[in-house]
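K.L.:
turn this into a model:
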Amino acid sequence: MAFEIPKQIYSGAIKTVTIGQGAKAITLGGETSYPFYVFEGVMPNVPRIAMEVWDVDPGEDWAEPAKEPFKDVLGDPVAWAKKCVNEYGADAVALILVSTDPNGANTSPEAAAATAKKVADAVDVPLIVYGTSNQDKDGEVFPVVAEACQGKQIIMGPVQDKNYKKIGAAALGYNHTIVANTPIDVNLAKQLNILLGQLGIKDSQLLVDPTTGGLGYGMEYCYSVMERDRMAALTQEDEKLQLPILNYVGQEVWKVKECKQSNAEAPQLGDQKTRAILMECVTAASLLLAGSDLLILRHPETVKYVKGLIQEMIA
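P.N.:
Sure thing, here's the model as predicted:
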């Protein structure tokens, strides 16, 4: 008698969200089983990779191995974005408006919007525009960005509980997608999704950012929350959690000391470039297994490895 793998029946499914436009548009979600459980359901849209681009030169904020692949374009977000797409195969670009931070350069919403418009015009892949998580400033910046990028169908985030009305209204007015961000908690994520729905945001315009922790710095907690999110969506038919998940991996991994310490500072940790890329890869792989649909990564080698892993997992 042939062995048959026991199969779980799922009563729910992840909804689909299409980002970008034209030939390079991406559809996320659609899973009818746990991540990569293709023997129990379907995974019609594989997870995709966005690459991180800052609107300013990151300077000392980035470790040298992270800057090296972009050394000729740092400080020029348009050229940087093009390089991510044309040379490193990014499925999407994540423009981070670091300059708008009130504790930093505190650039104006108009200046940020002009940069976002230039990048949106320069690339043909979906554009994610992320703020600094300063809720007041992001609430000022994104309505201006939304207007400047009218017709580009960009993705704006993080949208949080204190600014969701301002950013949500801008997304509705100019037909953009938004990313709802809450601090690693299933119930808070569900509540924000409900509030956005009451505002008029359709599920087809909404991604979920559960807040990402890097390897050794909260990734395990993030994983468990995402796992519970997917269980509620697929086995309990919780419609407000049946949405694709985005994880901002690059920032969380590369800011930790194990990635930033040079070979001279921490020789006992091994080669800096190797250890940092591996930390980003392991974090990304773990979050894919938890249910991530879209990863924002920093290093091109991580992108290559993670894309290879996705192909192996679905083969």
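
K.L.:
if you count contacts, what does the lengthiest helix in the chain end up packed against?
P.N.:
When the chain is parsed with DSSP state H, its longest helix is helix 272-290. If you count contacts as 3 or more Cβ pairs under 8 Å, 6 or more residues apart in numbering; DSSP states H and E, helix 272-290 packs onto helix 64-67, helix 219-235, helix 249-254, helix 257-260, strand 294-297, helix 300-314. Yep, even glycine has a C-beta here, placed from its N, CA and C like the rest.

K.L.:
so how far is that helix off the chain centroid?
P.N.:
Mean-position distance between helix 272-290 and its chain equals 15 Å (Cα atoms, centre = their mean, to the nearest Å).

K.L.:
out of the helices and strands packed on helix 272-290, which gets nearest to residue 182?
P.N.:
Evaluated with Cβ to Cβ, those place helix 219-235 nearest to residue 182, the distance being 9.5 Å.

K.L.:
counting contacts, what elements does that closest one pack onto?
P.N.:
helix 186-199, helix 272-290.

K.L.:
now the angle between helix 272-290 and the longest strand anywhere in the chain, please.
P.N.:
Using DSSP state E, we find that the single longest strand of the chain is strand 48-54. Going by axes from the mean of the first three to the mean of the last three Cα atoms, to 10 degrees, strand 48-54 is angled at 130 degrees with respect to helix 272-290.

K.L.:
any idea how far apart the tips of stretch 4-19 sit?
P.N.:
The first and final residues of stretch 4-19 sit 38 Å from each other (Cα to Cα, to the nearest Å).

K.L.:
all helices of the stretch 101-250 of the chain, in order?
P.N.:
Per DSSP state H, counting those that start in this stretch, the stretch 101-250 of the chain carries helices over the ranges 109-122, 135-148, 164-174, 186-199, 219-235, 249-254.

K.L.:
quick one: contacts of the second one?
P.N.:
Counting by Cβ atoms under 8 Å, 6 or more residues apart in numbering, helix 135-148 makes contact with 97, 100-102, 106, 109-110, 112-114, 116-117, 129, 131-132, 154, 156, 158, 160, 162-163, 166-167, 169-171, 173-174, 176, all of which sit outside it.

K.L.:
quick check: residue 139 vs residue 146, distance?
P.N.:
12 Å (Cβ to Cβ, to the nearest Å).

K.L.:
more neighbours, those two?
P.N.:
Set side by side, residue 139 and residue 146 show more neighbours around residue 146, with 26 against 20, by other Cβ atoms under 10 Å.

K.L.:
tell me how far residue 286 lies from residue 303.
P.N.:
Distance from residue 286 to residue 303, counting by Cβ to Cβ: 16 Å.

K.L.:
A strand includes residue 78, no?
P.N.:
No. If the criterion is DSSP: H, G, I helix; E, B strand; the rest coil, then residue 78 is helix and not within a strand.

K.L.:
before we move on, the earlier item: switch the helices of the stretch 101-250 of the chain over to CSV; also include distance to residue 311 and mean pLDDT.
P.N.:
Converted to CSV, the helices of the stretch 101-250 of the chain look like this (distance: least, Cβ to Cβ, whole Å; pLDDT from 0 to 100):
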stretch, distance to residue 311, mean pLDDT
helix 109-122, 28, 98
helix 135-148, 34, 97
helix 164-174, 33, 97
helix 186-199, 29, 96
helix 219-235, 21, 95
helix 249-254, 18, 97
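
K.L.:
which stretch among the ones you listed comes nearest residue 62?
P.N.:
Relative to residue 62, the nearest member of the helices of the stretch 101-250 of the chain by Cβ to Cβ is helix 249-254, separated by 6.7 Å.

K.L.:
having no further points to raise, I will conclude here.
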